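In: here is a sequence together with a model predicted from it:
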Amino acid sequence: MDPFAIRTYPDEILRAPCAEVTTFDSKLRSIVDQMALTMRIERGIGLAAPQVGISKLIAVVDVSEEGDALLALVNPKIISKAGKVPSEEGCLSIPGYRDTISRAKEIVVQFQDLEGKQLEIKADALMSICIQHEIDHLHGVLFVDHLSRLKRELFKRWLRKEGLEFSPPAAR
Ligand code: ZN
């Protein structure tokens, strides 16, 4: 199995809304396996399907140090949020850029597993932040969309330096 190629900013697929997964078959399993492989090779702690060119509600996360605690989230939805925490983030789709934004501290997320079974977990700390970052991707939202106005100007300056176009947040 080869890893997927990572789509990078300002690729339009990163802004496209994702379709719900309705078929829980071997094809879904193989997409998830390939996403997990890609995430590990790229040394990420999370990866969303649009980042590999697939507009479907699928994300993988693994925040463990050993990289042996894969969680696949199919059709995930955050049903509650609590608290606020500063979060320094980067993104495999925006290589070379990191900044600090604000995220909910704790979340409850509903999702389906690879068999289509409905599950619900409570997450905090890095797991909570990672899941929020990946679910954002599934709705065309990037962590840089959460930057303050001042920081967004710094981001635009960085983009110009890199020779990249600014990609505005999708209208919601
Ligand atoms: Zn990302």
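Out: Here it is on my side, so go on.
In: show me what the longest strand seen in the chain is packed against.
Out: The longest strand of the chain (DSSP state E) is strand 71-82. Taking 3 or more CB pairs under 8 Å, 6 or more residues apart in numbering; DSSP states H and E as contact, the helices and strands that strand 71-82 lies on are helix 26-41, strand 58-61, strand 106-112, helix 125-138. Just so you know, the C-beta spots here come from the backbone N, C-alpha and C atoms, and that holds for glycine as well.
In: so what are the sheet partners of it and their directions?
Out: Strand 71-82 pairs in its sheet with strand 58-61 (antiparallel), strand 106-112 (antiparallel), by DSSP bridges.
In: mind checking how far the first one is from the chain centre?
Out: Taking CA atoms, centre = their mean, to the nearest Å, one finds the center of strand 58-61 at 7 Å from the center of the full chain.
In: of all the residues in it, which ones are buried?
Out: 58, 59, 60, 61 (16 or more other CB atoms under 10 Å).
In: equivalent analysis for stretch 112-120, please.
Out: Buried residues in stretch 112-120 (16+ other CB under 10 Å): 112, 114.
In: same check on stretch 26-40?
Out: Using 16+ other CB under 10 Å as the test for burial, stretch 26-40 gives 28, 31, 32, 34, 35, 36, 37, 38, 39.
In: could you dump the residues you listed to CSV with pLDDT and distance to residue 111?
Out: CSV is the format used below for the buried residues of stretch 26-40 (pLDDT from 0 to 100; distance: CB to CB, whole Å):
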residue, pLDDT, distance to residue 111
28, 98, 13
31, 98, 15
32, 98, 12
34, 98, 19
35, 98, 15
36, 98, 16
37, 97, 21
38, 98, 20
39, 97, 17
